[in-house]
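**Student:** Curious how this folds, go ahead:
(2 chains)
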2 protein chains.
Amino acid sequence: MPGAALEGAAAAAAEGVRVVLVGDEAVLGPRLASLGPGVELVHAADAIAMDDHAADVRRRRDASVVVAARLVKEGRADAVVSMGHSGATMAAALLVLGRLPGVDRPAILANVPTSRGFSALLDVGANADAKPQYLQQFAVLGSAFVGAVWGVPEPTVGLVSIGEEPHKGNELTRAAHELLVATPGIRFHGNVEGRDLLKGTTDVVVTDGFTGNVMLKLAEGEARELFAWVREALRSSLPARLGGLLARRALRGVARRLDPSEYGAQPLLGVEGYAFIGHGSSDAKAVASALRTASRAVTSGALERTKAALARLTAPEAPPRAPTR
Amino acid sequence: MPGAALEGAAAAAAEGVRVVLVGDEAVLGPRLASLGPGVELVHAADAIAMDDHAADVRRRRDASVVVAARLVKEGRADAVVSMGHSGATMAAALLVLGRLPGVDRPAILANVPTSRGFSALLDVGANADAKPQYLQQFAVLGSAFVGAVWGVPEPTVGLVSIGEEPHKGNELTRAAHELLVATPGIRFHGNVEGRDLLKGTTDVVVTDGFTGNVMLKLAEGEARELFAWVREALRSSLPARLGGLLARRALRGVARRLDPSEYGAQPLLGVEGYAFIGHGSSDAKAVASALRTASRAVTSGALERTKAALARLTAPEAPPRAPTR
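**Tutor:** Here you go, the predicted model:
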């Protein structure tokens, strides 16, 4: 992993992203010079391991992810990107950066490739148990992010349920549906179903962190399994084998379309700053993508846009003005 | 739809399934003779339409699905199979047949093709809001069905969650996990994640009806979208086109593996009798499959096996016997 992080950092820096590596100087220091001028180093004596508890960030203030979040808090960096323990990254971002006004719970947004481009699915795991107002906030957070970073003018929002009609769903979605209909500043499409995710019916897909996590892992896992089935089928006979060779390039394009390492990391939305969570098993390509993604988000001004949208959500209704004569 | 039902009934009857058509005699009567000797007709003056309310079955006692359920209750048929309004089918089965002792809520089981064969996912939509003990009952219902009908000797059961560790998940799954660990007569594997569904990690996959419905529709929808992507890729260049032609047969095999009409209908488990729910848009092939599936379930004695398993679940712990001297 340090190898992938270093290589990825060098690649992103070569493209103009300013990278601050946070970690053990004794390990990273000797390799720093080889990474090019765009990479600097900040020492962190400690690091949260994959099998540590996320809550450890409260007392381990010298852990790299906590130090990195502090750099953002202090304005010495614009975003924290971690390919480590995702629970710890989330906890550190919450602890050090804090929640945005109007946000009860932050959410993790995932980029899902669809037949129409991409959809933003959130929450994919920050909160396993949600309340209706969390889903409303997720809709606002997701719309602002997609609007700013992806450049989608007026993103549509779908609420994951088990039928299109407003009354279809569970207690949570029925209540959330009512809130979303009345939410200012978002374009609420209505309920969407499981089948809508890969169709790309809406730009933003809102759900609780349990359902979202199951959906994301199912979607990624199914893509892997189905491609394995296709590969297997293309070895099943001589004509199939030959066909597979001829179509190889085209089929690789489909596989690439589904490769999560193209995006690198998922934003944690709702905290006072930019925070990105990557896969623990990331390679250099994914690390570089993550840094690029973070840099693009910062440049887009997503955070300011998010704050403005939240202010609109929490603002009391403007009192009706007395007619001027 | 009557056309598909009639043709499907004739096909199943030709294979030895005794089919009782329930519907309007004026419509079906004239066509009965052409269906062969294995099909009989029972008149029903009314029918629940797709946009009617499921609760209508309470007062519309002459609706075809209610009449069909009554035939099962009275022992004049072994199973009720409906390709109509699924909510109404469920309501009619519950109303007429009733719940099995030890079952709080029936569940719908879906057959999901996986890399290792098939997995039984339940509940896929009968109950959007579940309690821990419902999931425990689903595990017992699913294991008994898969054991009897699919002939899987000791089916493994997975609980859908967002991490493998018992404490990962939401309030519902954490409580259900504890119950499942202590459930007699099932082989509990532990938590499974979204990615495990198509992998086929366990024979039975248990979840609430909201999550299960989202998973099923996501899995079916993703297969459709990905195949569309593959088809599109195979038209993207001349070599790809040629490759696609050569590999056509092999790729069709993959698509067929995912075709839901191969199974035809999903059992409603937990009611006192056999009830199967098919897609409203079913063709003759799906209708025939549904009838075949129902017939196979009846022959397997799944209901008796289920009752025995439930009795074991609800039986009070045997009191410790006083040692005989």
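
**Student:** CA only for contacts and neighbour counts going forward, please
**Tutor:** Noted.

**Student:** residue boundaries of the strands in chain A?
**Tutor:** Per DSSP state E, chain A carries strands over the ranges A:19-23, A:39-43, A:79-82, A:107-114, A:117-122, A:156-160, A:187-192, A:204-206, A:265-269, A:274-278.

**Student:** starting at the chain centroid, how far to the first one?
**Tutor:** Which is strand A:19-23. With C-alpha atoms, centre = their mean, to the nearest Å as the basis, strand A:19-23 stands 21 Å off its chain's centre.

**Student:** can you list contacts of it?
**Tutor:** The contact list for strand A:19-23 (C-alpha atoms under 8 Å, 6 or more residues apart in numbering or on different chains) reads A:9, A:12-13, A:38-47, A:64-65, A:67-68, A:77, A:291.

**Student:** what inclination does that strand have with respect to strand A:39-43?
**Tutor:** Computed with axes from the mean of the first three to the mean of the last three C-alpha atoms, to 10 degrees, the direction of strand A:19-23 lies at 30 degrees from that of strand A:39-43.

**Student:** For the stretch 51-200 of chain A, which residues are neighbours of chain B?
**Tutor:** Contacts of the stretch 51-200 of chain A with chain B, taken as C-alpha under 8 Å from any C-alpha of the partner chain, map to A:115, A:125, A:128-129, A:160-162, A:169-171, A:193-199.

**Student:** mind listing what residue A:76 touches?
**Tutor:** Residue A:76 neighbours (C-alpha under 8 Å, 6+ apart): none.

**Student:** That one and residue A:40, how far apart?
**Tutor:** To residue A:40, residue A:76 is 12 Å away according to C-alpha to C-alpha, to the nearest Å.

**Student:** Then residue A:151?
**Tutor:** Going from residue A:151 to residue A:40 by C-alpha to C-alpha gives 31 Å.

**Student:** Check residue A:255 too.
**Tutor:** Residue A:255 sits 35 Å away from residue A:40, going by C-alpha to C-alpha.

**Student:** Then residue A:88?
**Tutor:** Residue A:88 is 23 Å from residue A:40, where distance means C-alpha to C-alpha.

**Student:** Buried among the contacts of strand A:19-23? Make that a ChimeraX selection.
**Tutor:** Buried subset of those, written as a ChimeraX selection, criterion 16 or more other C-alpha atoms under 10 Å in any protein chain shown:
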select /A:9,12,13,38,39,40,42,43,44,45,46,47,64,65,67,68,77,291
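
**Student:** Of the contacts of strand A:19-23, which belong to helices?
**Tutor:** Judged by DSSP state H, helices contain the following of these: A:9, A:12-13, A:64-65, A:67-68, A:291.

**Student:** Specify which member of the residues you listed is nearest to residue A:230.
**Tutor:** Closest to residue A:230 out of the ones in helices among the contacts of strand A:19-23 is residue A:291 (33.0 Å), distances taken as C-alpha to C-alpha.

**Student:** Surely that closest one and residue A:18 touch.
**Tutor:** No: Residue A:291 is beyond contact range of residue A:18, at 9.1 Å (criterion: C-alpha atoms under 8 Å).

**Student:** overlap in contacts of these two?
**Tutor:** Both residue A:291 and residue A:18 are contacted by residue A:12, under the criterion C-alpha under 8 Å, 6+ apart.

**Student:** buried stuff in stretch A:209-221?
**Tutor:** Neighbour-count burial for stretch A:209-221 [16+ other C-alpha under 10 Å]: A:209-221.

**Student:** and the residue nearest in space to the middle of chain A, what pLDDT?
**Tutor:** Geometric centre of chain A, nearest residue: residue A:266, 2.4 Å, by C-alpha atoms, centre = their mean. Turning to residue A:266, the model gives it a pLDDT of 94.

**Student:** Can you give me the neighbour number for the residue in the stretch 201-325 of chain A that chain B sits nearest to?
**Tutor:** Closest residue of the stretch 201-325 of chain A to chain B, C-alpha to the nearest C-alpha: residue A:243 (3.5 Å). Other residues lying near residue A:243 total 24 when counted by other C-alpha atoms under 10 Å in any protein chain shown.

**Student:** for residue A:15, same thing?
**Tutor:** Number of residues near residue A:15 (other C-alpha under 10 Å) recorded here: 11.

**Student:** Same question for residue A:236.
**Tutor:** So residue A:236, with other C-alpha under 10 Å, has 14 neighbours.

**Student:** Can you check the pLDDT for it?
**Tutor:** Residue A:236 is assigned 90 on the pLDDT scale.

**Student:** Return the residues in contact with the residue nearest to it when sequence neighbours are not counted.
**Tutor:** Nearest non-adjacent residue to residue A:236, counting by C-alpha to C-alpha, 6 or more residues apart in numbering or on different chains: residue B:250, 7.0 Å away. By C-alpha under 8 Å, 6+ apart, the contact set of residue B:250 is A:233-234, A:236-237, A:240.

**Student:** Filter those residues down to the ones in helices?
**Tutor:** Here DSSP H is the test, and the contacts of residue B:250 give A:233, A:240 as lying in helices.

**Student:** Using neighbour counts, trim the contacts of residue B:250 to the buried set.
**Tutor:** When neighbours are counted using 16+ other C-alpha under 10 Å, the contacts of residue B:250 contain these buried positions: A:233-234, A:240.

**Student:** now those in JSON lines, with distance to residue B:100?
**Tutor:** Output for these, formatted as JSON lines (distance: C-alpha to C-alpha, whole Å):
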{"residue": "A:233", "distance to residue B:100": "44"}
{"residue": "A:234", "distance to residue B:100": "47"}
{"residue": "A:240", "distance to residue B:100": "50"}
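
**Student:** Give me the subset of the residues you listed that also touch chain B.
**Tutor:** When C-alpha under 8 Å from any C-alpha is applied, the members of the buried ones among the contacts of residue B:250 adjacent to chain B are A:233-234, A:240.

**Student:** Let me know whether residue A:84 touches residue A:50 as I believe.
**Tutor:** Yes: using C-alpha under 8 Å, residue A:84 is in contact with residue A:50, at 6.8 Å.

**Student:** Would you format the ones in helices among the contacts of strand A:19-23 as a markdown table with distance to residue A:282 and pLDDT included?
**Tutor:** Below are the ones in helices among the contacts of strand A:19-23 laid out as a markdown table (distance: C-alpha to C-alpha, whole Å; pLDDT from 0 to 100):
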| residue | distance to residue A:282 | pLDDT |
| --- | --- | --- |
| A:9 | 12 | 93 |
| A:12 | 15 | 94 |
| A:13 | 18 | 93 |
| A:64 | 17 | 94 |
| A:65 | 16 | 95 |
| A:67 | 21 | 96 |
| A:68 | 19 | 96 |
| A:291 | 12 | 94 |
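
**Student:** out of the residues you listed, who's nearest chain B?
**Tutor:** Sorting those by how near they are to chain B, with C-alpha to the nearest C-alpha, puts residue A:65 at the top with 22.2 Å.

**Student:** now the closest one: how far from residue A:291?
**Tutor:** Residue A:65 is 15 Å from residue A:291, by C-alpha to C-alpha.
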